[in-house]
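Colleague: show me how the following folds:
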Amino acid sequence: MSLDEIIAHTTEFVRQHQFWAIPLVFILAFGESLAFLSLLLPATVMLLALGALIGEAGIDFWPVYASAVAGGFFGDWLSYWLGYHYQERLGQFWPFSRHPHMLARGQAFFDRWGIAGAFFGRFFGPLRAVVPLIAGICGMPRLYFQLANFGSAAVWAFGLLAPGAFGIQWISRFIG
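Modeller: The predicted structure follows:
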């Protein structure tokens, strides 16, 4: 089977089952934003690919985008809550028990950047897993954290989905 046939079959599958796009994107964005799970789930690559499939299959972008924003928001919110609730005890759990430098790096990043760190932490791979936890551990005011959380989730989701969703259509105008 050629690459063009695989793309055509996959696109047709997504088009026929597009009702799964919203919950699937929510789960991937939630998992990618949730402490611990984000270290195991390669959701960034899957979300980039889904963005391309959204564009190819003609699925409405905005509901899927809203789903990604919500998933990212709630994943970081739960991570913040875990940090706020469990504080320093989190260092006893995997992966921090084996890699305590992750907490130290997240702490240094957060100490240096504060609310901006809570916003930008989402865009830096390994920090994405610990910055919301650190914000909770440090007792960052919930309102400030949630403002940074929502803003970064909106930018992050757009950056992952829009290039594929809109880029393929834009490129095909010039190539085709």
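Colleague: surely F73 meets W156?
Modeller: No - F73 is beyond contact range of W156, at 9.8 Å (criterion: CB atoms under 8 Å). The C-beta positions use only the backbone N, C-alpha and C, and glycine is treated the same way.
Colleague: helices along this protein, start to end?
Modeller: Listed from the start of the chain, the chain has helices (DSSP state H) covering 3-16, 21-33, 43-57, 61-86, 100-120, 125-128, 131-137, 142-175.
Colleague: tell me the average confidence for the fifth one?
Modeller: Computed over helix 100-120, the mean pLDDT rounds to 80.
Colleague: show me what counts as buried in it.
Modeller: Of the residues in helix 100-120, those scored as buried under the neighbour-count criterion (16 or more other CB atoms under 10 Å) are M102, L103, R105, G106, Q107, F109, F110, I115, G117, A118, F119, F120.
Colleague: the third one too?
Modeller: Neighbour-count burial for helix 43-57, counted by 16+ other CB under 10 Å, picks out A43, T44, M46, L47, L50, G51, A52, L53, I54, G55, E56, A57.
Colleague: again, but for the shortest one
Modeller: In terms of neighbour count (16+ other CB under 10 Å), helix 125-128 has its buried residues at P126, L127, R128.
Colleague: tell me which other helices or strands it touches.
Modeller: On a contact count with 3 or more CB pairs under 8 Å, 6 or more residues apart in numbering; DSSP states H and E, helix 125-128 meets helix 100-120.
Colleague: quick one: V25 from F150, how far?
Modeller: The spacing between V25 and F150, counted by CB to CB, to the nearest Å, is 17 Å.
Colleague: could I have stretch 60-80 exported to CSV, CA atoms only?
Modeller: Output in CSV follows, covering the C-alpha atoms of stretch 60-80 (Å, rounded to 0.1, in the frame of the first residue of the first chain):
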residue,chain,number,x,y,z
ASP,A,60,-14.7,21.7,11.9
PHE,A,61,-11.6,23.1,13.6
TRP,A,62,-13.1,25.1,16.5
PRO,A,63,-14.8,22.4,18.5
VAL,A,64,-11.7,20.2,18.3
TYR,A,65,-9.6,23.2,19.3
ALA,A,66,-11.9,23.9,22.2
SER,A,67,-11.5,20.3,23.3
ALA,A,68,-7.7,20.5,23.2
VAL,A,69,-7.8,23.8,25.2
ALA,A,70,-10.1,22.1,27.8
GLY,A,71,-8.0,19.0,28.0
GLY,A,72,-4.8,21.0,28.5
PHE,A,73,-6.4,23.3,31.0
PHE,A,74,-7.8,20.5,33.2
GLY,A,75,-4.6,18.4,33.0
ASP,A,76,-2.6,21.3,34.3
TRP,A,77,-5.3,22.2,36.9
LEU,A,78,-5.2,18.7,38.3
SER,A,79,-1.4,18.8,38.4
TYR,A,80,-1.5,22.1,40.3
